[in-house]
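>>> structure for this input, please:
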Amino acid sequence: MAASHRPKATFADLELLGDHLSAEIIHGTIVEKAMPTMEHGRSQLIAGQILGRRFDRRPGGRWPGGWWFGTEVDVEYETHEIFRHDLVGWRRDHVPECPRGRPIRIRPDWVCEMLSPSNEKRDLVDKMQVLQLAGVPHYWIGNPQEKTLVVHRWQAKGYLIVLTAASGDVVRAEPFEAIELRIDVMFGDADDDE
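Predicted coordinates:
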């Protein structure tokens, strides 16, 4: 008996699901995103606030600026690879106008995913492979349960881990080396003093 082959999903298939369902397309299959835990959602929010306040602005002034950031926006890497990243950013010198619409088809310069037990393989294997092929320069993996951050830098042969940090560490994590990032603040264990 011949196996049936479903056609690979595209953005049109995501649109048919409506706006009430948070889903991605990974290797041509629609995958519903799990509802975030408080730890996940809080870490995503705080990391976005810390980086957004300092970088999501024009260059110049007290903070470095030079970036556009988004959360939970659809980014299309290929017709059958559309991810809804926890946090995503584009350098303004690479993308002069803020990306618009859905899905965004401009390769980001930075992606951050917060791990959950239900999405670990997708973030550490499936998405990482696609981001590598697309040439995304920086890929961060935050783990709210372990309170760790792993920073990856793109290389032709595969992502290189350039930084690992845990709660209590203060780091300068690329591509945002212009500021010190306190890992305990990023995961909600301390207040941002700035």
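
>>> ok, longest helix in the chain?
Of all the elements of type helix in the chain, the one with the most residues (DSSP state H) is helix 38-55.

>>> list the buried ones in that one?
The neighbour-count check on helix 38-55 (16 or more other CB atoms under 10 Å) flags 39-40, 43-48, 50-52, 54-55 as buried. Using the backbone N, CA and C atoms, a C-beta is placed for each residue, glycine as well.

>>> please apply the same query to stretch 100-108.
Buried positions in stretch 100-108, judged by neighbour count with 16+ other CB under 10 Å: 103-104, 107-108.

>>> tell me the helix or strand right after the helix or strand of the chain with the lowest mean pLDDT.
Ranked by mean pLDDT, DSSP states H and E, the weakest helix or strand in the chain is helix 120-121, scoring a mean of 85. Following helix 120-121 in sequence order, the next helix or strand is helix 127-134 (DSSP states H and E).

>>> show me what that next one packs onto, helices and strands only.
When contacts are defined as 3 or more CB pairs under 8 Å, 6 or more residues apart in numbering; DSSP states H and E, helix 127-134 sits against strand 74-78, strand 81-84.

>>> tell me the most buried of these?
With neighbours defined as mean count of other CB atoms under 10 Å, the helices and strands packed on helix 127-134 peak in mean count at strand 81-84, which reaches a mean of 22.
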